[in-house]
Structure formats: structure tokens, C-alpha cells
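*Asks:* let's see this in three dimensions:
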Amino acid sequence: MKTDGDSTPKKPIANRALWIVQTLLALLFLFSGTMKLMMPIAEMAKDTSLPGWFLRFIGMAEIFGAAGLILPALLRIQPRLTPLAAACLVIIMIGATAITLLVHGVGLALIPAIVLLLTAFVAYGRWRLAPVRARSSSRDTDSGSHNLSSAS
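*Replies:* Numbering: from 1, shown residues only. Next comes the predicted model:
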């Protein structure tokens, strides 16, 4: 894959599409996770048999996942964490789709299924299609003055 020498891949359409989808998904998961933390447990658990602590845990996972979709790639610090965060959110969305299908039927299960597909697109896209390169450290660009093997 060609790059411009910095961090952005030479696949501008895929890169832009991924950033748009990542941003929208991050906002969605941030909102969803925050609501799971702020809503009373009785209100959240009225349509499901899942325990309240588990719903709170899912809320925290969604908030951390939202941060993981954006921050590692944006800051170019450990950007391989972005597809990992997306893959973890895929697991959450598989469960959300299955539970929604069982409780509310096919019609409403399409919503988490679409989010699942978009999250899988981000996971695959940032892993294979348009990965973001890590920021190069000063040691990589320095002309070897920190090389311990040449200090003999």
C-alpha cells in the first residue's frame, strides 16, 4: 500500500469513508454508553432479563469503545487499537442484535444489525483497507545517535 510518507494511506475514498463511519459510530456508542450509565437500572432492565450491573458494564464498554474508535488513529499512538476496539464493539453488537431479535422481532433488530455491519467495516477497513500508521518517534528519525550497539 502506498503512503504519502506520513500516515495517511493513498486510498483517500476508503480513508474518508472510514473516518466518517468511525466518527458517527463513536458518537452513537458514546451516547448509548452514557445513557446506560445515567438511566435508572429499573428503567433500563424493564424490557430485558439482563441484570443491571451487566447493562452498566456494557455502557462502560461502549464508552471505551467509542474512544478507541477515534483516539488511537487520530493521535497515531498505537493506531492498531482502533480495529481492535471496533472488533470488540462487533461482539457487543452481535449480542445486541440477538437480544433485540428475541425481544422485539426482526424489524427492530435491523437497527443493531446495521450498526454491527458498520462496525465490522471499520474493523476490517482499519486493519486491511486503510490502516493508519503510527507516529514515527524521534528515535526512528534520529541518525542512530541512540543506537546502543554502536557505543563500543
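
*Asks:* and the helices in the chain?
*Replies:* With DSSP state H applied, the chain shows helices at 12-38, 41-44, 52-75, 81-104, 106-124, 138-141, listed in chain order.

*Asks:* for the protein, where's the lowest mean pLDDT among helices and strands?
*Replies:* Confidence across the helices and strands of the chain bottoms out at helix 138-141, with a mean of 55, counting by mean pLDDT, DSSP states H and E.

*Asks:* quick check: closest non-adjacent residue to residue 87.
*Replies:* On the basis of CB to CB, 6 or more residues apart in numbering, the spatially nearest residue to residue 87 that is not a chain neighbour turns out to be residue 123, at 4.6 Å. Using the backbone N, CA and C atoms, a C-beta is placed for each residue, glycine as well.

*Asks:* what does residue 121 give?
*Replies:* With CB to CB, 6+ apart, the residue lying closest to residue 121 is residue 21, at 6.3 Å.

*Asks:* residue 123 against residue 91, yeah?
*Replies:* No: at 10.4 Å, residue 123 and residue 91 do not qualify as touching, with contact defined as CB atoms under 8 Å.
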